[in-house]
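> this is a predicted model, with the sequence first.
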Amino acid sequence: QVQLVESGGGSVQTGASLRLSCVASGRTFSNNALGWFRQAPGKEREFVAALNRNGMRTLFRDSVKGRFSILRDNRINTVFLQMNSLIPEDTAVYYCAAAVGIGPFQQESSYDYWGQGTQVTVSS
C-alpha cells in the first residue's frame, strides 16, 4: 500500500521558519515528480511547489517565491518543503503529492498519490 506521510507542521509567529517532510512508503518515487499543495479554511486547495523527477527543475506559486524551497532525498524517499519568512497568509493544511505522469505539476489532477496533510498556523 502506497502511503505519503507529512510531518513538521506547527504554530509559529510571523517571520519564523518551518520545514515540512513527506516520507513515502510502499513504493519508491525516485522517478516521479513530487509536489506540495495547501488548503486554507474556506478556500480551494492550491499549488505551492513542485520538483521534477531528477530534482533539477522546481516550480513555485508566486506568493512563496524567494521564501520557500523544495528538495528531495531519494535515498530516504522523502521530499521537503522549507518555508522561511512565514506570514499569516501561509496558514493552511499542507499536503504532499506524487505524480506518476508528466504534468503539468501545478495541477492537482496531475498527482496520483496524496498525504493526509499537516497543519501550519502562522500568527501575527
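Okay, I see it.
> residue 96: what's it in contact with?
4, 6, 20, 22, 34-37, 79, 81, 114-115 (C-beta atoms under 8 Å, 6 or more residues apart in numbering). Using the backbone N, CA and C atoms, a C-beta is placed for each residue, glycine as well.
> switch the cut-off to 7 Å
Shown in contact with residue 96 (C-beta atoms under 7 Å, 6 or more residues apart in numbering): 4, 6, 22, 34, 36, 79, 115.
> what of residue 15?
Contact analysis of residue 15 by C-beta under 7 Å, 6+ apart lists 85-86.
> so residue 121 touches residue 11, yeah?
Yes - applying C-beta atoms under 7 Å, one finds residue 121 in contact with residue 11, separated by 4.3 Å.
> ok so, going back, between which two of the contacts of residue 96 is the distance greatest?
Greatest spatial distance among those (C-beta to C-beta): 6 and 34, at 11.7 Å.
> quick one: which of the two has more around it?
Between residue 6 and residue 34, residue 34 has the larger neighbour count (other C-beta atoms under 10 Å), namely 30 against 22.
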